[in-house]
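1. sequence unknown, structure follows:
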């Protein structure tokens, strides 16, 4: 029994386990702790190993029934072909890069990517993969960077921390014309606010720790194949996986080489936590987006603040893109103070926001960007990303908006 596709986003997700066949009439998929999965006939085990069986498990490093239930939910959210869950979002990103690219290939990536992703780009260059980073808010910059050996283009729907939004449609059209794999990290927006398949993405990345899990209690990541990319023409698919329908080749390689070989396995316990969090995704995204917008508008009017970066503000450079593609602006906003020396004191005077790294918790989180998550990148890289020394990043939580505004008012009073 499957969930009707004409039902709403949340209705589908909260009933997914029950309608997908959870054991004993349970409404949630149970936590499967078994590492091994046995079969009555060795031929059935062989079929699972060789990928000719429909379903089935052999060793938990490649997944369990619990992680499979979560993968099904993510696929449903993205309306994709299939999903692979990983222990973290970064494990998923590394699997995409390291299993689908090889030495001599060329990758075009956004220059505004998350700090750890930027660090991985440096590692790829050390391994012989050519990397070009460009301002992806204009598709012309991507077009100028494309080469005959360009295999992949990587962007984030909403960049962290600067909230830049790519020319999503324009880049999708370029990738299609060039035959390049279009990979979109949709972590900040989530599949509720934006579906990357609508702009031609072949693979979609989600850090499940963030929007989808949403409670700061479990790490996880996912890669979803939208079914839009033609894997039959992709030269880097291992010969053993070039069997059957080419639509499944990408996921097969990612699961075998990216999950099985690299070992970034999501535990069943974490998968269960993330699946529960996913049930309230729409409620949390609507609430945090509304609060973030109200806070962004208030900060923009404050004399101590020089700039506020939030996609739904008319002052945002990609405001038109945001309104075109996103249902709302999400929970991420950044702002800069007129006096850089007040950056740390303002953070310390705030009482409600927790001084911690991380994103999309139910509680508001705050961090001075240049001093922490982008300190390792250095001043030159920060400048290309538009990260000022006074930039403060907020991940807006579920607190009442009036309480947050009152807290910011007292914290900025002395700035």
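-> Happy to help now that I have it. Please read these numbers as outputs of a predicted model, since none were measured by experiment.
2. only C-alpha atoms from now on, for both contacts and neighbour counts.
-> Fine.
3. show me what the helix or strand where residue 290 lies is packed up against.
-> Secondary structure from DSSP states H and E places residue 290 in helix 281-300. Here helix 281-300 touches helix 9-14, helix 190-193, strand 305-309, strand 332-337, helix 401-412, going by 3 or more Cα pairs under 8 Å, 6 or more residues apart in numbering; DSSP states H and E.
4. give the next helix or strand downstream of the third one.
-> Using DSSP H and E, the helix or strand that follows strand 305-309 in sequence is helix 319-325.
5. what does the first one give?
-> In the C-terminal direction, the helix or strand that comes right after helix 9-14 (DSSP H and E) is helix 16-20.
6. just give me how far that following helix sits from the chain centre.
-> In terms of Cα atoms, centre = their mean, to the nearest Å, the centre of helix 16-20 is set 24 Å apart from its chain centre.
7. which parts of it are buried?
-> Across helix 16-20, burial judged by 16 or more other Cα atoms under 10 Å covers 16-20.
8. now those residues in TSV, with distance to residue 92?
-> Listed next are these as TSV, based on distance: Cα to Cα, whole Å:
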residue	distance to residue 92
16	23
17	24
18	27
19	28
20	25
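9. hey, where'd the strands end up in the stretch 101-250 of the chain?
-> 106-110, 130-134, 150-156, 181-185, 203-207, 221-225 (DSSP state E, counting those that start in this stretch).
10. give the pairing partners of the fourth one; include direction for each.
-> Strand 181-185 has the following strand partners under DSSP bridges: strand 150-156 (parallel), strand 203-207 (parallel).
11. can you tell me which of the ones you listed is most buried?
-> Ranked by mean neighbour count, these are led by strand 203-207 with a mean of 27 (mean count of other Cα atoms under 10 Å).
12. show me what the mean pLDDT comes to for that one.
-> For strand 203-207, mean pLDDT rounds to 98.
13. give me the contacts around that strand.
-> Contacts with strand 203-207, where a contact means Cα atoms under 8 Å, 6 or more residues apart in numbering, come from 88-90, 92-93, 181-187, 190, 196, 220-226.
14. related to what we said a few turns ago, centre of the chain to the helix holding residue 290, how far?
-> 19 Å.
15. tell me what angle it forms with strand 332-337.
-> With axes from the mean of the first three to the mean of the last three Cα atoms, to 10 degrees applied, the angle from helix 281-300 to strand 332-337 works out at 10 degrees.
16. please renumber so the chain begins at 864
-> In the new count, where the first residue is 864, that last one comes out as helix 1144-1163.
17. which parts of helix 1144-1163 are buried?
-> Using 16+ other Cα under 10 Å as the test for burial, helix 1144-1163 gives 1144-1145, 1147-1156, 1158-1160, 1162-1163.
18. out of the strands paired with strand 1044-1048, which comes closest to residue 1252?
-> Taking Cα to Cα, strand 1013-1019 is the member of those nearest to residue 1252, at 22.6 Å.
19. and the contacts of the closest one?
-> With Cα under 8 Å, 6+ apart, strand 1013-1019 has contacts from 964, 968-973, 976, 999, 1028-1029, 1038, 1042-1050.
20. ok, back up a step: turn the helices and strands packed on helix 1144-1163 into JSON lines, columns for distance to residue 1105.
-> Shown next, in JSON lines, are those (distance: least, Cα to Cα, whole Å):
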{"stretch": "helix 872-877", "distance to residue 1105": "33"}
{"stretch": "helix 1053-1056", "distance to residue 1105": "30"}
{"stretch": "strand 1168-1172", "distance to residue 1105": "45"}
{"stretch": "strand 1195-1200", "distance to residue 1105": "41"}
{"stretch": "helix 1264-1275", "distance to residue 1105": "53"}
